[in-house]
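Student: just coords:
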């Protein structure tokens, strides 16, 4: 499909993923189905391979910004890669045996899980201080076991439902490790990029990827994820954590297909982008205000 509007959808998704690590599959797959009339299998395959590519750009950017805990991502991938393939096999088996109704049940289970996780995350964010990146310089045996376990559970669910690569792992890391939110975002994007390549190549071989459509998506999502990655580093910790919780809740509402879910997502994203723009303007004004007084003083000294 050659539709320039896909670039705009890609930019919004990339911006959200770069800032929070979440919302890629949960938002893009429904967008492709409902707004661009993709059949579900092609929408899923196109989105997964697209996500693998643009998240790789985001992962490189976050790595340069120092917000990727590579060891943690690698240990999670050790569990998530094989578990995701198992999840794909189980999903295929259940669909062949019980029909398409299985997809809706899986989506509802994941939707309620994400909503519960959003509430739990807000409570944790308000009652506990986040840790620092240095606490995960080297993972001990317990930390590695937790990371592999997160990978196994999360990878299986991703393979089973085709969504949640960001939401599930980000939530698990926030609950299990004393990481600041920006390090969770960076690590999650790096891990998701590697995990999605495993499934994405499989979908490409199976003929479930619309390459022209994916190209248009990448035109928007690559600059979007780079901008979002940069913004995530500058946002205050509390603001970023609330953004993560909001992404969780929106993903859950979308999966549950609640009334006016599309409108809620669109309004929330618009409000979030508007708030981000206002925040950027305020930051620029404050920086200028700090620099302006220094100019007259230097002139007076010269005179």
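Tutor: Thanks, I have the structure now. None of the values given here were measured: they were computed from a predicted structure. Residues are numbered from 1 along each chain as shown.

Student: how about low-confidence regions in the stretch 1-150 of the chain?
Tutor: Residue ranges of the stretch 1-150 of the chain with pLDDT under 70: 20-27, 92, 95, 98-107, 109-111, 113-114, 117, 120-121, 123-137.

Student: and the helices in it?
Tutor: For the stretch 1-150 of the chain, the helices defined by DSSP state H, counting those that start in this stretch occupy 5-20, 24-34, 40-65, 70-98, 101-127, 141-161.

Student: also the stretch 151-300 of the chain?
Tutor: Assigned helices in the stretch 151-300 of the chain, in chain order: 167-176, 181-205, 211-234, 237-256, 261-291, 294-302 (criterion: DSSP H, counting those that start in this stretch).

Student: returning to what we had before: which one, of the helices of the stretch 1-150 of the chain, ends up nearest to residue 257?
Tutor: Proximity to residue 257 (C-beta to C-beta) singles out helix 101-127 among the helices of the stretch 1-150 of the chain, at 7.6 Å. C-beta here means a position set from N, CA and C on the backbone, and glycine is covered the same way.

Student: coming back round to it: where among the helices of the stretch 151-300 of the chain is the average confidence lowest?
Tutor: Among the helices of the stretch 151-300 of the chain, helix 294-302 has the lowest mean pLDDT, at a mean of 50.

Student: pretty sure residue 11 is touching residue 225, no?
Tutor: No: contact criterion C-beta atoms under 8 Å: residue 11 and residue 225 do not qualify, at 9.1 Å.

Student: neighbour count winner among the two?
Tutor: Neighbour comparison, residue 11 and residue 225: the larger count goes to residue 225, with 30 against 20 (by other C-beta atoms under 10 Å).

Student: which residue packs closest to residue 53, ignoring adjacent ones?
Tutor: With C-beta to C-beta, 6 or more residues apart in numbering as the criterion, residue 53 has its nearest non-adjacent residue at 6.1 Å, and that residue is residue 218.

Student: separation between the one you found and residue 112?
Tutor: As defined by C-beta to C-beta, to the nearest Å, residue 218 lies at a distance of 32 Å from residue 112.

Student: so which of the two has more stuff around it?
Tutor: A direct count of neighbours by other C-beta under 10 Å for residue 218 and residue 112 places residue 218 higher, at 20 against 13.

Student: ok, that one - contacts?
Tutor: By C-beta atoms under 8 Å, 6 or more residues apart in numbering, the contact set of residue 218 is 10, 50, 53-54.

Student: which of those sit farthest apart?
Tutor: Among the contacts of residue 218, 10 and 53 lie farthest apart (C-beta to C-beta), at 10.7 Å.

Student: domain-wise, how is the chain divided?
Tutor: 5-258, 259-303 (automatic domain parsing).

Student: quick one: contacts for residue 227?
Tutor: 14-15, 18.

Student: out of those residues, which are buried?
Tutor: If you count burial by 16 or more other C-beta atoms under 10 Å, the buried members of these come out as 14-15, 18.

Student: nearest to residue 186, of these?
Tutor: Using C-beta to C-beta, those come closest to residue 186 at residue 18, 9.8 Å.

Student: mind checking how far the closest one is from residue 72?
Tutor: In terms of C-beta to C-beta, residue 18 sits 19 Å off from residue 72.

Student: and if you look at residue 29?
Tutor: From residue 29 to residue 72 the distance is 27 Å (C-beta to C-beta).

Student: which of those two has more neighbours?
Tutor: Neighbours per residue (other C-beta under 10 Å) separate residue 29 from residue 72, with residue 72 holding more: 26 against 22.

Student: check contacts around the more buried one.
Tutor: Taking C-beta under 8 Å, 6+ apart, one finds 136, 139, 143, 147, 173, 177, 187, 191 in contact with residue 72.
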